[in-house]
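Peer 1: Just the structure for this:
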Amino acid sequence: PSLMPGGPRSAYEALEPMLRSIAAQVDDGPCVTYIGTGGAGNYVKMVHNGIEYGDMQLIGEAYDVLKTVGGMSASEIAAVFEEWNESNLQSFLVEITAAILRTSDDLVGDGSALVEKVLDQTGAKGTGMWTVQEAAARLVPIPTIAAALEARYLSALKEDRTAASAVLAGPSTDAAPSVTAEEKAALVAAVRSALYASKICSYAQGMNLIRAAGKEYGWGLDLGSISRIWKGGCIIRAVFLDRIKAAYDVDAELASLLVDPGFASELASAQSAWRSVVTTAINAGVSVPAMSGSLAYYDTYRRTVLPSAQMVQSQRDFFGSHTYKRLDKDGVYHTRWSSDGVTETQ
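Peer 2: Down below sits the predicted model:
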């Protein structure tokens, strides 16, 4: 397994030989490192699981788009994920997704894909919820992970969704879309880019939450070492983690993985396909909350000025005298918006 021990360093050092021997072994050593004092290890494990929620939902959305928009069969999509597992998307979750899609329903015995018979209600044990709660408490935005959690909650509303399907209209689409081979290939390539770009955003959000907690509690976390021990023995193990470690090795105080030059370049290259996939899914009535949440995160993070935030803060000052700051002047201000429009310096 990947081990994330916290607590007194002396305790870790006493147990280190045993921990190193039982941890998963990868190309650059055992998947264990001292995380930090107190509850640092438990916290990092919790956020690991939150990232896992995001990863799984993103893969699920990629599957939905290929199936529903692309009209692809389970075996066709399995071949896609097998190919992706030989690329920069190589991971345990991509690997098992291909295996799931290759599995036939042995109870019916008609050769149909088992995944298509599974009840569409996703369970949750609590670590995703705790991660979202912690992020909210620390003012750290993690929209991809939050969207993944809420997607599970929405999936649980099976009876409500079934009843709503008879009332709520969606876009007019064919039950079995007719897609040419060339269109399928283009969609597969676009979804691959969208999945990879969204994955970068999800990991960036999780690492930023770990960093925020580490600073608050004085854990002295090494984000590069943490990402390294996730390369084996855990659900999110992936070749992608080498890139994350390299980014933090270059700059341990990196504000976000999004601004690492390598990741920033890849996001720029992927964004056209990424936007296309989200738009195509929306137009087809296919919800992709984690992919679209990742894209919204990227677009918000890259903008110097947010007009929506300007409006919301002005509204707060209008109805609650919450004050505001200005872009062009120092100080704190309140405007009497509903009366004489006079602005006061607080």
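
Peer 1: Can you show me the strands along the stretch 151-300 of the chain?
Peer 2: With strands called from DSSP state E, counting those that start in this stretch, the stretch 151-300 of the chain shows none.

Peer 1: Can you pull out the low-pLDDT segments for it?
Peer 2: 173-177 (pLDDT under 70).

Peer 1: what do you get if the cut-off is 90, keeping everything else the same?
Peer 2: Applying pLDDT under 90 to the stretch 151-300 of the chain flags the ranges 172-179.

Peer 1: Make sure K325 is actually in contact with T345.
Peer 2: No. The criterion here is Cβ atoms under 8 Å, and K325 misses it with T345 at 11.1 Å. Bear in mind the C-beta positions are built from the backbone N, C-alpha and C, glycine included.

Peer 1: Common neighbours of these two, please.
Peer 2: Common contacts of K325 and T345 (Cβ atoms under 8 Å, 6 or more residues apart in numbering): 331-333.

Peer 1: Among those, which ones are in helices?
Peer 2: Judged by DSSP state H, the shared contacts of K325 and T345 include no members of helices.

Peer 1: L15: which of those residues is nearest?
Peer 2: Nearest to L15 among the shared contacts of K325 and T345, counting by Cβ to Cβ, is V332 at 52.1 Å.

Peer 1: From T304, how far off is that closest one?
Peer 2: Counting by Cβ to Cβ, to the nearest Å, the gap between V332 and T304 amounts to 21 Å.

Peer 1: do the same with A124
Peer 2: 37 Å.

Peer 1: With neighbour numbers in mind, choose between those two.
Peer 2: Taking other Cβ atoms under 10 Å, A124 and T304 do not tie; A124 has more neighbours (14 against 5).

Peer 1: Give me the below-cutoff pLDDT ranges for the stretch 1-150 of the chain.
Peer 2: For the stretch 1-150 of the chain, no stretch is flagged by pLDDT under 90.

Peer 1: ok, which stretches of the stretch 201-346 of the chain are helices?
Peer 2: Using DSSP state H, counting those that start in this stretch, the helices of the stretch 201-346 of the chain run over 223-229, 240-250, 261-283, 289-302, 307-320.

Peer 1: buried set for the first one?
Peer 2: Neighbour-count burial for helix 223-229, counted by 16 or more other Cβ atoms under 10 Å, picks out 223-224, 226-229.

Peer 1: ok, now stretch 115-132?
Peer 2: Neighbour-count burial for stretch 115-132 [16+ other Cβ under 10 Å]: 115, 122, 127-132.

Peer 1: which residues are contacting that stretch?
Peer 2: 46-47, 49-50, 53, 74, 100-101, 103, 105, 108, 142, 145-146, 148-149, 151-153, 155-156, 158, 206, 209.

Peer 1: Where helices are concerned, which of those residues count?
Peer 2: Reading helices off the contacts of stretch 115-132 with DSSP H, I get 46-47, 49-50, 53, 74, 100-101, 145-146, 148-149, 151-153, 155, 158, 206, 209.
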